[in-house]
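1. Let me see the structure of the following:
(chains A and B)
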Amino acid sequence: MRIGVVVFPDSNSDVDSLNALAVAGAEPVRLWHESPDLEGVSAVILPGGFSYGDYLRAGVIARFSPVMRGVSDFAARGGPVLGICNGFQVLAEARLVPGALLRNHSLRFAGKLVKIKPERLDSPFTKSGSGAAMRIPVAHGEGCYYLDEAGLDELERNGQVLWRYVREDGLPALDPDDPANPNGSLRAIAGVCNAAGNVAGLMPHPERMCEPILGRDDGLQIIASLVESARAWEAAR
Amino acid sequence: MSEFRYAVNVLPKPGILDPQGRAVEQSLPHLSVTNVSHVRVGRRVELTVTAEKEPDARAVVDGLAKELLSNPLIESNAVELLEGTSSVKSATKASARVKSR
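-> Numbering: from 1, shown residues only, chains lettered A, B, ... in the order given. From the prediction side, this is the model:
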């Protein structure tokens, strides 16, 4: 199963993502940002980092890069796309997932382990998971998920909230000042998907927590879900 | 062709938390300033558009303001034509400050 990882100028989680895909049993393929050709991959990861220096707004310049034309077409055909951290910001700027990522509530860069919990296990990005909370790292300055109230209500109704930051007791960290919510995200949202369900973004880094040698492998279930969904999408074509 | 210079002023929309504005506000007591509130921090982009007429140039800037320079979900934008900057575009850049017609 060939799965692409887009490399933007200043991507820094591309290698971790390529490695995580290999750990999950897929064949990782590097996709350069200057080409709209996705080389026939069956799923795409937009990795973390600082695409194009994150000038203007995080993710906005990357949105207009040639590779995003290919990614948009692929997404429109129902192909699975996962944006991680900066990749989430790119997807939000491209309006491929709803919402925007604002400067962290604390004004500080958040680099630490957090707990997130999947909201549902029937999505292409969570289906290989157990439903238990995962401990995985965040590393971002602009991760505060924002959408207006009506938009948030609609997300909840449609089941588009995929992961939330949770406290030690497993309940969502709804208070923006709660350290368990690393960026002040509204309704403790760590990741969402589009209405069709095949494009998702999340701020934490599952690809950095995919093997015991990295301390834990909690994030592997998200990468494994993506690989599984790529397989299903390929089979259905 | 003429050159038209614009400023695009981008601000976080009302109701959107503006942590930068809040940080500035929190620094005010250190300056013994107590009568300043509602600080909002945004961004100003200045650019020059070459076009036949001002409305054509304005359409380009309006498009960029919505599409690239601001995110309408979270930011408002205001486009302003900077005075005295529209000029005849000539082959030599040095004379580009001459007022048009």
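2. just checking, what packs against the helix or strand bottoming out on mean pLDDT in chain A?
-> Here the helix or strand of chain A ranked lowest by mean pLDDT, DSSP states H and E is helix A:60-63, holding a mean of 91. Contacts defined by 3 or more Cβ pairs under 8 Å, 6 or more residues apart in numbering or on different chains; DSSP states H and E place helix A:60-63 against helix A:86-93. C-beta coordinates here come from the backbone N, C-alpha and C atoms, glycine included.
3. Could you pick out the longest strand of the chain?
-> Went with chain A since none was named. Secondary structure assigned by DSSP state E gives strand A:110-118 as the longest strand of chain A.
4. um, chain B though
-> strand B:2-12.
5. mind listing what's buried in the next helix or strand along the chain from that strand?
-> Once strand B:2-12 ends, the next helix or strand along the chain (criterion: DSSP states H and E) is helix B:19-27. Of all the residues in helix B:19-27, those buried under the rule 16 or more other Cβ atoms under 10 Å in any protein chain shown are B:19, B:21, B:25.
6. What residues does chain A have near chain B?
-> Taking Cβ under 8 Å from any Cβ of the partner chain as the contact definition, chain A meets chain B at A:56-57, A:60, A:64, A:93, A:99-100, A:102-107, A:144, A:146-147, A:184.
7. 10 Å instead, please
-> Contacts of chain A with chain B, taken as Cβ under 10 Å from any Cβ of the partner chain, map to A:56-57, A:59-61, A:63-64, A:92-93, A:95, A:98-108, A:144, A:146-149, A:151, A:176, A:184, A:186.
8. Looking at these, which are in strands?
-> A:100-102, A:144, A:146.
9. Among those residues, which one lies nearest to A:L214?
-> A:L101 (24.9 Å; Cβ to Cβ).
10. That closest one - how many residues pack around it?
-> 28 (other Cβ atoms under 10 Å in any protein chain shown).
11. That one contacts A:G87, doesn't it?
-> No. Counting by Cβ atoms under 10 Å, A:L101 does not reach A:G87; the two are 11.0 Å apart.
12. Now for the two: what residues contact both?
-> Common neighbours of A:L101 and A:G87 are listed as A:59, A:201, A:203 (criterion: Cβ atoms under 10 Å, 6 or more residues apart in numbering or on different chains).
13. that older thread, out of the ones in strands among the residues of chain A next to chain B, flag the one nearest to B:R58.
-> When those are compared against B:R58 (criterion: Cβ to Cβ), the nearest one is A:A100, at 26.3 Å.
14. For the closest one, report the pLDDT, please.
-> In this model, A:A100 is scored at 96, pLDDT.
15. That one contacts A:V192, doesn't it?
-> No. A:A100 lies out of contact with A:V192 (Cβ under 10 Å); the separation is 11.2 Å.
16. which element is A:E154 on?
-> Element membership of A:E154, judged by DSSP H and E, is helix A:149-158.
17. contacts for that helix?
-> By Cβ under 10 Å, 6+ apart, helix A:149-158 touches A:97-99, A:119, A:145-148, A:160-162, A:186-187, A:189, A:192-195, A:197, B:15, B:73.
18. Please produce a PyMOL select command covering the buried subset of the residues of chain A next to chain B.
-> In PyMOL, a selection of the buried entries from the residues of chain A next to chain B looks like this (16+ other Cβ under 10 Å):
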select buried, chain A and resi 56+57+59+60+61+63+92+93+98+99+100+101+102+103+104+105+106+144+146+147+176+184+186
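19. I appreciate the help and will end here.
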